[in-house]
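Asker: whatever this is, show me its structure:
(2 chains)
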There are 2 protein chains.
Amino acid sequence: MYKYIFNHITYVNLHFNFTTMYRSHHCGELRATDINEEVTLAGWVQKSRDKGFIVWVDLRDRYGITQLVFDEERTSKDMMKQAQTLGREFVIQVKGTVIERASKNPNMATGDIEILVSELNILNKAILPPFTIEDETDGGEELRMKYRYLDIRRNPVKNSLIFRHKVTQEVRNYLSREGFIEVETPYLIKSTPEGARDFVVPSRMNEGEFYALPQSPQTFKQLLMVGGMDKYFQIVKCFRDEDLRADRQPEFTQIDCEMAFIEQEDILNAFEGLTRHLLKEINGVEIDKFPRIQYDDAMRLYGNDKPDIRFGMEFGELNEVAQHKDFSVFNNAELVVGIAVPGGNSYTRKEIDKLIDWVKRPQIGALGMVYCRCNEDGSFKSSVDKFYDQDDLAKWSEVTGAKPGDLICVLSGDTNKVRTQLSALRMELAERLGLRKPNEFAPLWVMDFPLLEWDEETKRYHAMHHPFTSPKPGQIELLKTDPGAVKANAYDLVLNGNEIGGGSIRIHDKATQSLMFDYLGFTEEEAKAQFGFLMDAFQYGAPPHGGLAFGLDRLVAILGGQETIRDFIAFPKNNSGRDVMIDAPAPINEEQLEELSLKLNLKS
Amino acid sequence: MYKYIFNHITYVNLHFNFTTMYRSHHCGELRATDINEEVTLAGWVQKSRDKGFIVWVDLRDRYGITQLVFDEERTSKDMMKQAQTLGREFVIQVKGTVIERASKNPNMATGDIEILVSELNILNKAILPPFTIEDETDGGEELRMKYRYLDIRRNPVKNSLIFRHKVTQEVRNYLSREGFIEVETPYLIKSTPEGARDFVVPSRMNEGEFYALPQSPQTFKQLLMVGGMDKYFQIVKCFRDEDLRADRQPEFTQIDCEMAFIEQEDILNAFEGLTRHLLKEINGVEIDKFPRIQYDDAMRLYGNDKPDIRFGMEFGELNEVAQHKDFSVFNNAELVVGIAVPGGNSYTRKEIDKLIDWVKRPQIGALGMVYCRCNEDGSFKSSVDKFYDQDDLAKWSEVTGAKPGDLICVLSGDTNKVRTQLSALRMELAERLGLRKPNEFAPLWVMDFPLLEWDEETKRYHAMHHPFTSPKPGQIELLKTDPGAVKANAYDLVLNGNEIGGGSIRIHDKATQSLMFDYLGFTEEEAKAQFGFLMDAFQYGAPPHGGLAFGLDRLVAILGGQETIRDFIAFPKNNSGRDVMIDAPAPINEEQLEELSLKLNLKS
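Answerer: The predicted model follows:
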């Protein structure tokens, strides 16, 4: 996997000037053509092999590894002794001559040569690292985070960070060429009512008052549009103080974009262009027009608003063909839905039972699973043969698109729940079947999201995207009668089953925005206190505008062929939001609290 | 001044695709060659002139202004009426034909043509703006900040933001080409003991604990060097909760850089290269090797560690030639020091008296000023002729480099105070004489800063740069006997009298770093609690390293020929650290405080 990334970072122009007072060349540079050159190198001891009469040392820096050699015949006794003391991760500088290597290593860029050392300076000693500094390490995740500065020495992490740099440079240069201006918006802003998950920052100069860290620069980018900035972007940190799922961070990076005088089609074209450019430049993959799918269809066909379309396995809804027989489980279900698993008929009974156990785990929560084997001879064998004959099952295979040799898996129940369950099963099986290929890329626009979503907890509709999203033209009246049915000018960009970006066309007039706040349960006063500045701004001539934000951490990980984001973040936090390296957060002292006019009010 | 900036933003490639569903061309684009074209434009009404039978409207967008025309003969009555209702800052879309203008305007890029409108859509109305949206506005600073989105529509602010984008793009591309990797360091870090000015962030998930926002990513960039990243940079927001001087912001942006396996000379070369590149690309100014000056010499010759060397007026120390006469004021002074004001002999007595009043203002605090006129005939006339004859004064003119026609201004007193006073006078006079030309650029390295500075308040030495700065080789022993005399491997880059960057070679071994913390009055426990992770890191093989950080806000302002930074910040805060547009900071509600386990503890 890492190899894959590594192939693509050859972009780094190694012809820049890295010569410093400490080195004439870097450790990935010397070749057979350099033989007899006098050189100076500096770096870390990757490993050393001491045969008594000869010592080889692998010297490592950011750019590669070069082999050093000391031997009885050509090296002074003192230096020989010193060379024998060199431990792993010592920092040294050597001068010497490039010589031909006796046993060449074709797997190393510098494998044809070695350096016969004439001068050795130990710049810094090193104690034994808590885990091995190798591509495959023996360090666990928490240990590697605590000593992140050592983890970064490992190729997989180092190359991921370099890869991230390349992606962000490509993004910035592409958008700049397209006329976008990067504008820095403030980090010390104001807490908002949906800001339950805002990080707040007490102000010393303004007693009893707090800034908030932005969850996104949403209102500021809209104000830039009101200000005529026309095409804006920013690669910017955002903050959310929420209970962290395994692969979330309290601080994360967005590529935030906004355009004025546009319709939805303009936005889609602009950022499809960016994504296409990245796939081409970074991954060497050329993709023409990105497919689009309606949100409703995505839910129907994949049970998911971010479907992975690298493989088929689309849902087949079986209500028509599987209900009204004698099988009450199906008859009582809101939805009966199945997928065809390619080649799944080869599963043993035991394997299928395991699959049934898998969907019944609490994380998935299905009550059971019906299956149907599609035999090579065109016959079927299902777990519910009692209720369904061959003709019935043939219809199942038709609806799910199953071919001879496949296995049809069927779940039933409440529409929303069963879709989520079958979606999980679909992804799990695709993973097992090796259908989620990291170097295959399938982007997809998911269109026309609902404007609102029902929140069971507060028994209220909430904005699905955010309260600045515009409803589809002509649908605003529906808000009164059937709010859940109102669709928004909102879209997500999905790549390989991950949402990598999302955005919307915004409301740009005060009246509609007031109406929205009203529908969302804000009092006039609340709306004014929190977003008065935005509605004021709309009065002074706001242009039609809209935008999109990419999640950079995830985008980079996916382009790098990975699913987890941590290796692409230099100093990540753990699942409790802690930086275990610097041990933050931490208590602050009494004077600091006093100066901020605060007191602790601990629950425990 | 703004014209100057404007000249340099022509870089913006206006050939990108700005055609959207709302427009076929932008408002700065159409020329005589486009006559007879059918076009669609969108933008804001800059102004309109209604002659009854004809209406002209200036339509503005980010790219320029195009004149629209409606007239009785060719425009329908309804549209004519509608055109007459268009107020300033209305947002409109028009379709029409490009026609030749009767009275051409050579001062406008689009001055040869106008658009005969065939279709007019009002996209949004606008109420009267609180100040005029013109290059010269009638709005005061506070009002412009409150309605910043309107201020951004004005060319001076808009172009400053575009200019900032250009500079940052140049910086990123230059450093990337040179092999630097941009790495994002965390914003939620840990408060430090010198962190009295840290903004802190309470953590909901870690009760009673706080993150701090970084004053700079100092320790993280050092850890990246320990991690082998070799050449790092980041354009990054930093935060300081301090009483704000007129031209400071609680959040500001740094170009933060660090390199490993380097000596001071490598750093100077690398970032002199960057600055030279910016001056050339942005300002069209080619500058060869930057001059260097010792900190001690800068203080002696300019009374200032960031001297403006665009003009001479170097200090001449007069102790030797002016003391030991009968003038007790000079005899009792630690330092007698003067400057020659070019052409200053033309000042009237009244003007000189005003100058004397100026240095006696409390902000400057001099007790008086002695002067000496250098007549064209080679004779001198001083305010202390009683004590000094022509030969004495001839020596003054020699020491200060005064020529016939100049005026020598002399101050005396305690060395530090009098240097600061004379430096202020020098800058004031240069300003008045027009010697501080905004389109002339004089960079300067100030070298070998003291390691420590004495703090009168705490009666202790503090690190002048920060506690990670290395002392000059061989000087660490001096810390015990004469701490104030120890020089550091620290340097500032000064441009036109402003510090635009500063940095140092760092300590990279645990023993020296411990010693430094010890000298700075940290107990071993405190040092460990706060910087244990850094000293731990040094044990695992830290390379020699050092770096530099530029203040981006100021750098951009100076390259743009300005002295104040606010126009180069999209949404600046006022002198109380408030964002008057969104009204932040603001109180948060009880539930939020409760969730954070905090209580207010107001002093008032």
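Asker: quick one: the helices in the stretch 451-600 of chain A?
Answerer: Assigned by DSSP state H, counting those that start in this stretch, the stretch 451-600 of chain A shows helices spanning A:478-481, A:510-519, A:524-539, A:552-559, A:590-595.
Asker: so which of those gets nearest A:Tyr174?
Answerer: Using CB to CB as the measure, helix A:552-559 is the one of the helices of the stretch 451-600 of chain A that comes nearest A:Tyr174, at 13.2 Å. All C-beta atoms are positioned from the backbone trio N, CA, C, and that covers glycine.
Asker: list the buried ones in stretch A:335-345?
Answerer: By neighbour count on 16 or more other CB atoms under 10 Å in any protein chain shown, the buried set for stretch A:335-345 is A:335-342, A:344-345.
Asker: now, of the helices of the stretch 451-600 of chain A, which is deepest in the fold?
Answerer: helix A:552-559 (a mean of 25; mean count of other CB atoms under 10 Å in any protein chain shown).
Asker: can you tell me how far the residue of chain A most remote from its centre is from chain B?
Answerer: Relative to the centre of chain A, the most outlying C-alpha is that of A:Glu73, 54.7 Å out, by CA atoms, centre = their mean. For A:Glu73, the distance to chain B equals 30 Å [CB to the nearest CB, to the nearest Å].
Asker: and if you look at A:Gly344?
Answerer: In this structure, A:Gly344 and chain B are 43 Å apart, going by CB to the nearest CB.
Asker: tell me the contacts of the residue nearest to that residue when sequence neighbours are not counted?
Answerer: In space, A:Gly344 comes closest to A:Leu407 once its chain neighbours are excluded; the distance is 2.7 Å by CB to CB, 6 or more residues apart in numbering or on different chains. By CB atoms under 8 Å, 6 or more residues apart in numbering or on different chains, the contact set of A:Leu407 is A:340-341, A:344-345, A:347, A:352, A:371-374.
Asker: among the residues you listed, which ones are in strands?
Answerer: A:340-341, A:371-374 (DSSP state E).
Asker: one step back: in a markdown table: the helices of the stretch 451-600 of chain A, plus mean pLDDT and distance to chain B.
Answerer: Shown next, in a markdown table, are the helices of the stretch 451-600 of chain A (pLDDT from 0 to 100; distance: least, CB to the nearest CB, whole Å):
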| stretch | mean pLDDT | distance to chain B |
| --- | --- | --- |
| helix A:478-481 | 85 | 21 |
| helix A:510-519 | 90 | 9 |
| helix A:524-539 | 91 | 5 |
| helix A:552-559 | 96 | 9 |
| helix A:590-595 | 89 | 7 |
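Asker: next, format those helices as a markdown table and append distance to B:Gly179.
Answerer: Below are those laid out as a markdown table (distance: least, CB to CB, whole Å):
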| stretch | distance to B:Gly179 |
| --- | --- |
| helix A:478-481 | 55 |
| helix A:510-519 | 48 |
| helix A:524-539 | 43 |
| helix A:552-559 | 20 |
| helix A:590-595 | 40 |
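Asker: quick one: closest of those helices to A:Ile287.
Answerer: Evaluated with CB to CB, the helices of the stretch 451-600 of chain A place helix A:552-559 nearest to A:Ile287, the distance being 12.7 Å.
Asker: helices or strands up against the closest one?
Answerer: Counting by 3 or more CB pairs under 8 Å, 6 or more residues apart in numbering or on different chains; DSSP states H and E, the packing neighbours recorded for helix A:552-559 are helix A:155-177, strand A:251-260, helix A:264-283, strand A:498-505.
Asker: and which of the contacts of A:Leu407 is nearest B:Glu428?
Answerer: Of all the contacts of A:Leu407, B:Glu428 sits closest to A:Val341, with 82.6 Å by CB to CB.
Asker: bridging residues for the closest residue to that closest one other than its chain neighbours?
Answerer: Nearest-residue entry for A:Val341: A:Leu407, 4.5 Å, with adjacent residues in sequence omitted and distances by CB to CB, 6+ apart. Assessed by DSSP bridges, A:Leu407 has beta-bridge partners A:Val341, A:Arg373.
Asker: could you check how many residues crowd around the closest residue to A:Thr275 other than its chain neighbours?
Answerer: If you skip the residues right next to it in sequence, A:Thr275 has A:Pro443 as its closest partner in space, 6.0 Å away by CB to CB, 6+ apart. Taking other CB atoms under 10 Å in any protein chain shown as the criterion, the count of residues near A:Pro443 is 20.
Asker: the closest residue to chain B within the stretch 1-150 of chain A: neighbour count?
Answerer: At 3.5 Å from chain B, A:Ala126 is the closest residue in the stretch 1-150 of chain A, using CB to the nearest CB. As a burial measure, A:Ala126 scores 20 neighbours (other CB under 10 Å).
Asker: that one is in contact with A:Thr85, isn't it?
Answerer: No: in this structure, A:Ala126 is not within contact of A:Thr85 by CB atoms under 8 Å, at 11.8 Å.
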